[in-house]
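In: Give me the fold of what follows.
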Amino acid sequence: MAVLIQKPHVLLHTPILITPTKPRLRIKCQDSSEPQKPSTSAQPTSPGQGFGSASSTVKTAVNKKKEKGRRERASIIRRSPVQKPGFLGVEEQGESKEQGRNESAFLLAWLGLGGIILVEGIVLAASGFLPEEWDKFFVKYLYPSFTPTVFLFVAGTVAYGVLKYLQNEEIKTPK
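Out: Numbers count the residues shown, from 1 in each chain. A predicted model of the protein is given here:
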């Protein structure tokens, strides 16, 4: 007797055929008074196979571990440390120190501008919870200056990134 079950599914539209099967279980009972009969099986058992052979499974596990451990390591290649380019002279090193100080000052100012933007954003977000006079003050003076400040920050960041990219390309190409 076969039962046809159809389960609707978006991707699969084939019916599933389920047939009832009888379980094939055999229960054997041994009595201590009866002598045990040797089991007759179609397949002869050989040592090292099946459930009872623990020694062969241990050996294969050890062999697998040894195979993993036998891998040869890749050779280590030592490279010389990177040196300063030869086309940088003593004069250019002095200029690079001054440029480094100017760049540090610019980045510090840019960090300050980012902090101002952060504080402005928090104050504008919290202005609805503050007293009415403060809210009017922030809306009148702080709100109109917030968007141009963010635009200035983004434009300056992009310009700084392009400048550093061009300086890096200039160093890579020999004069």
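
In: Could you give me the buried positions within the helix ranked longest in the chain?
Out: Ranked by residue count, the top helix of the chain under DSSP state H comes out as helix 90-126. Buried positions in helix 90-126, judged by neighbour count with 16 or more other C-beta atoms under 10 Å: 113, 117, 120. To be clear about C-beta, it is placed using only N, CA and C from the backbone, and glycine gets the same treatment.

In: thought the first one was touching residue 149?
Out: Think residue 113. Yes: assessed by C-beta atoms under 8 Å, residue 113 is found in contact with residue 149 at 7.3 Å.

In: Give me the mean pLDDT for the longest helix of the chain.
Out: Average pLDDT, helix 90-126: 86.

In: Next secondary structure after that helix?
Out: Using DSSP states H and E, the helix or strand that follows helix 90-126 in sequence is helix 132-137.

In: Would you mark the buried spots in that following helix?
Out: The neighbour-count criterion (16+ other C-beta under 10 Å) identifies no buried residues in helix 132-137.

In: Equivalent analysis for stretch 151-165, please.
Out: Buried residues in stretch 151-165 (16+ other C-beta under 10 Å): none.
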